[in-house]
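Trainee: Mind looking at a prediction? Sequence and model below.
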Amino acid sequence: MLLDLKSFFSKFKKWLFASITALCIWLWLPDLWSQKLPSLMSEELLRDKIRSHIFPPAFSLPYERKFAEFGKKLFVDSRLSVNEKVSCATCHNPGKSFTDGRPTAMGVALTERNTPTLVNIAMNSWFFSDGRADSLTAQALGPWLDPKEQGLSMEQLAAKIVTFHLNTYTALYGPIENGVLKAIQEGGDHSITPSGPSVNLLPPSLRIYGIATMGTFSALDHILKLAGQGARSPQDQFAMLSAGLNASDDSKPLVTEQDLLTPRHDNRQLDAAIRAVITNSAGAVEAYERSILSTQSPFDHFAERLTRTKTIQEAFDASFSQDEFEGLNLFMGKGNCDLCHSGPNFTNSQFHNIGLPWNSDIDYKKLPAGRAQGVLAIKDHPFGCQTPHVVKARADNRLSNLEQCAEVEFLKLDGLESMNAFKTPTLRNLKLTAPYMHDGRFESLEEVINHYSSLPDKPAIGHREESLQELNLTKKEKNQLIKFLLSLESKIESL
Ligand code: HEC
Ligand code: HEC
């Protein structure tokens, strides 16, 4: 009997031990399961990838403070617009991570593009979604002189700057001779006489490619109809539309950027003085923009801690833990997002066709040729990075030289892959920068992720990049990916 009891207890102990062990494993396993890395990526590779997104210590971009302070004044000055109501900050509102919350921007008139954030903007090589400006100095002249944004002519812009900011201007760039100053100030009265549409058409190979790859039949039908009315080839019609020219009513002259940029007088000394004023001022705006940084997000802190911890979990904190990490895993692994959203600013500053389909909101007149059109605009940009006034403005403002400037003369003008390709945007501060994409078509990050997950339909024109494959993400994975994206939120530092 005693023996029996003994053996019973010893059996019971064994059973108890086995049960507790099983219970522990059962409780512990799911945790272990959820922490496992995607099978294709070792922890070492993942750590390397994360490291490639870390800013160098005490990161900043060089600029000279006195110029940046002048640039900031110009940035918020709404007098520098044709109706005196629109400044850069109207659309690039610092409280919204330098965006405006609108699908497409509203300046003097409604534009066709979503306002991008300006955080870490000076880390980019090309500017605008089609990269049609090769420096921030050339870029800043865009909105001032854009008929739909601030709507000034060169003469008007220079006149306003030397009227409203004369003391600051001359303190920074030296005095302007009296006669010239008077002439610049008077130049502001020039009204603009449109000379007709500027023509910057796609090369023939791209026109054929554009027509051949048009996403929807209804869009193609529309082009064919317009071509018929104007007695043009469909290819020419397509090229005109992608250059932003509504060829069906080209009897009515448009005021174009080219019109605003064409001098209204033949005094060459005055023209040079005007160009110097506006490029110096744009250089000052660039100096200010170089101060706008966003580098201190929960992800940045996690990535930095991870360089010092043995396990990944040790680097977690309240704002970056398991879910954000799973999202990061998807971003760098299965999602392959960092192929394009690479480096500390989560962009390679290059152009890609991610296959955004045509939708009923897109006007046929706004054919998105993207980078294919952008390279054409850069080639003969009157304020390109190699033009003497821009070179001088940049040197005066002690801005670093641009590597991409050397690339300009080698840009390929008929690269099929650049048709409908847009610049990879940064993914920082996404909570504040909605809606998304160059045309502001997606209101939420859910919609963006759904696009990458299911890649519906064909792109408007051209071909979606082969590197993008349907991800078929589960609801949980989508949420984790979004949590990771939102961990890139950081306070903004600027002058
Ligand atoms: C009417 C609203 C509006 C105004 C005013 C405006 N912007 Fe913009 N900005 C935009 C839009 C829209 C884009 C994108 C255009 C595109 O990609 O084609 C843009 C693009 C930019 C970019 C390029 C960003 C990138 O990622 O490539 C910079 C830099 C910029 N603006 C700075 C300025 C400065 C400086 C001013 C004032 C001189 C200014 N903007 C005035 C709406 C505006
Ligand atoms: C082939 C390059 C490429 C890959 C891969 C890629 N993206 Fe993008 N992404 C882009 C480009 C280009 C745009 C801008 C397209 C436009 O404006 O029309 C963009 C836009 C976005 C935007 C909108 C940002 C804004 O401010 O408008 C988000 C968010 C985004 N991508 C997240 C992701 C995620 C998440 C993944 C992985 C699932 C991913 N991307 C993979 C190139 C890429």
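Mentor: Sure thing, it's come through. Ligands and ions are numbered 1, 2, ... in the order given.
Trainee: Which residues of this structure lie near ligand 1?
Mentor: 75, 86, 88, 90-92, 105, 107, 111, 113, 115-116, 118, 121, 124, 127-129, 136, 139-140, 143-144, 149-150, 285, 438 (Cβ under 6 Å from any ligand atom). Placement of C-beta: from N, CA and C, glycine included.
Trainee: The residues you listed, buried ones only, as a ChimeraX selection?
Mentor: The buried residues among the residues of the chain next to ligand 1 can be selected in ChimeraX (16 or more other Cβ atoms under 10 Å) with this line:
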select :75,86,88,90,91,92,105,107,111,113,115,116,118,121,124,127,128,129,136,139,140,143,144,149,150,285,438
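Trainee: mind listing what the residue most central in space within the chain touches?
Mentor: Closest to where the C-alpha atoms of the chain average out (Cα atoms, centre = their mean) is Pro425, at 3.7 Å. Taking Cβ atoms under 8 Å, 6 or more residues apart in numbering as the contact definition, Pro425 lies against 116-117, 129, 347.
Trainee: host element of it?
Mentor: For Pro425, there is no host helix or strand (DSSP states H and E).
Trainee: Run through who's touching stretch 402-415.
Mentor: Residues contacting stretch 402-415 (Cβ under 8 Å, 6+ apart): 125-126, 134-135, 202-203, 205-206, 371-372, 375-376, 378-379, 384-386, 418.
Trainee: So which bits of it are buried?
Mentor: Quick answer for stretch 402-415 (16+ other Cβ under 10 Å): 402, 404-405, 408, 411, 414.
Trainee: now that stretch: mean pLDDT?
Mentor: Stretch 402-415 comes out with an average pLDDT of 89.
Trainee: just stretch 156-166 next, same as before
Mentor: 96.
Trainee: wait, isn't Leu488 in contact with Ser297?
Mentor: Yes: using Cβ atoms under 8 Å, Leu488 and Ser297 qualify as a contacting pair, with a distance of 4.9 Å.
Trainee: Counting neighbours, go ahead and name the busier of these two.
Mentor: Taking neighbours as other Cβ atoms under 10 Å, Leu488 and Ser297 compare with Leu488 leading, 22 against 19.
Trainee: Doesn't the more buried one belong to a strand?
Mentor: No: if the criterion is DSSP: H, G, I helix; E, B strand; the rest coil, then Leu488 is coil and not within a strand.
Trainee: of the residues of the chain next to ligand 1, list those near ligand 2.
Mentor: Within the residues of the chain next to ligand 1, those near ligand 2 by Cβ under 6 Å from any ligand atom are 129, 438.
Trainee: how close does Leu270 get to Ala158?
Mentor: Using Cβ to Cβ, to the nearest Å, we find Leu270 at a distance of 9 Å from Ala158.
Trainee: okay, and the common contacts of these two?
Mentor: 184, 187.
Trainee: okay, the two: which has more neighbours?
Mentor: Remark: of Leu270 and Ala158, Ala158 carries more neighbours, 24 against 19, as counted by other Cβ under 10 Å.
Trainee: just to revisit the earlier point, quick one: mark the members of the residues of the chain next to ligand 1 that sit in helices.
Mentor: Residues of those located in helices (DSSP state H): 75, 88, 90-91, 136, 139-140, 143-144, 285.
Trainee: Which of the contacts of stretch 402-415 are buried? Put it as a PyMOL command.
Mentor: Typed into PyMOL, the line below selects the buried ones among those, using 16+ other Cβ under 10 Å:
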select buried, resi 125+126+134+135+202+206+371+372+375+376+378+384+385+418
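Trainee: what stretches of the stretch 351-495 of the chain score poorly on pLDDT?
Mentor: Residues of the stretch 351-495 of the chain meeting the criterion pLDDT under 70: 360-362, 365.
Trainee: Could you list the contact residues of it toward ligand 2?
Mentor: Going by Cβ under 6 Å from any ligand atom, the residues of the stretch 351-495 of the chain near ligand 2 are 352, 354, 356, 422, 424-425, 427, 430, 433, 436-438, 445, 448, 452, 465, 467-468, 481.
Trainee: Among those residues, name the buried ones.
Mentor: 352, 354, 356, 422, 424-425, 427, 430, 433, 436-438, 445, 448, 452, 465, 468, 481.
Trainee: For the closest residue to Gln237 other than its chain neighbours, grab the count of nearby residues.
Mentor: In space, and not counting its chain neighbours, Gln237 is closest to Ala227: 3.8 Å by Cβ to Cβ, 6 or more residues apart in numbering. Residues lying near Ala227 (other Cβ under 10 Å) number 21.
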